[in-house]
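Participant: sequence unknown, structure follows:
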């Protein structure tokens, strides 16, 4: 390693460390989100939804779509994509009914965020995958059953 590059890197890292320590660099936007611990601890889909969204009414909606494979070769990596045309979407959550922990992932959105969320989820067995989008005080739902050949949640 060249000495000049090493010294520049050390100086930059030291400067950033001092700025963070002094409180000058605080990633408030990143740290503002809270971990939905109660939703992940829930053992049923209804409890997980109540913990993350509160008591919002659930309606089936054609404004929410789920794109996922009909059959997943390996439940450890199942790609999904949730899309919505709702303009006032606040949050998106994905729930797998038959997983040991049904609440899989979620996203809280800002007004300027687009209505698309993709992730790779883990599924233990064949199960319906339910996607919920909160908008206008209601939960809009889309669902699809995904068949799993090899389980990914310890199965």
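Facilitator: Nice, I can see it. Since we're looking at a predicted model, the values are computed, not measured.

Participant: Who are the contact partners of residue 137?
Facilitator: 56-57 (Cβ atoms under 8 Å, 6 or more residues apart in numbering). The way it works is simple: take the backbone N, C-alpha and C, and place the C-beta from them, glycine included.

Participant: just use 275 as the starting number from now, easier for me
Facilitator: Renumbered: residue one is now 275, and that last one reads residue 411.

Participant: and it, what pLDDT?
Facilitator: In this model, residue 411 is scored at 86, pLDDT.

Participant: quick one: low-confidence ranges for this protein?
Facilitator: 275, 290, 293-307, 385-387, 425-429 (pLDDT under 70).

Participant: Direction included, what does the strand ranked longest in it pair up with?
Facilitator: Ranked by residue count under DSSP state E, the longest strand found in the chain is strand 412-424. As defined by DSSP bridges, the strand partners of strand 412-424 come to strand 331-334 (parallel), strand 345-348 (parallel), strand 401-409 (antiparallel).

Participant: what comes into contact with the last one?
Facilitator: Right, strand 401-409. Under Cβ under 8 Å, 6+ apart, the answer for strand 401-409 is 319, 323, 327, 330, 332, 335, 337-338, 340, 342, 354, 356, 358, 360-373, 389, 395, 397, 413-420, 422.

Participant: 6 Å instead, please
Facilitator: Contact with strand 401-409 is made by 327, 338, 340, 356, 358, 360, 362-372, 413-420, as judged by Cβ atoms under 6 Å, 6 or more residues apart in numbering.

Participant: now the first one
Facilitator: Counting by Cβ under 6 Å, 6+ apart, the neighbours of strand 331-334 from elsewhere in the structure are 412-413, 415.

Participant: Name the next helix or strand downstream of it, please.
Facilitator: strand 338-341 (DSSP states H and E).

Participant: and if you look at the second one?
Facilitator: Sequence order places strand 352-358 as the next helix or strand after strand 345-348, per DSSP H and E.

Participant: Now do that next one: distance to the chain's middle.
Facilitator: Counting by Cα atoms, centre = their mean, to the nearest Å, strand 352-358 is centred 10 Å from the centre of its parent chain.

Participant: what residues does the helix or strand just after that strand touch?
Facilitator: Scanning forward in sequence from strand 352-358 by DSSP H and E, the next helix or strand is strand 363-370. Contact partners of strand 363-370, identified using Cβ under 6 Å, 6+ apart, comprise 319, 326, 356, 376-383, 389, 391, 397, 401, 403-409.

Participant: I am finished for the moment; much appreciated.
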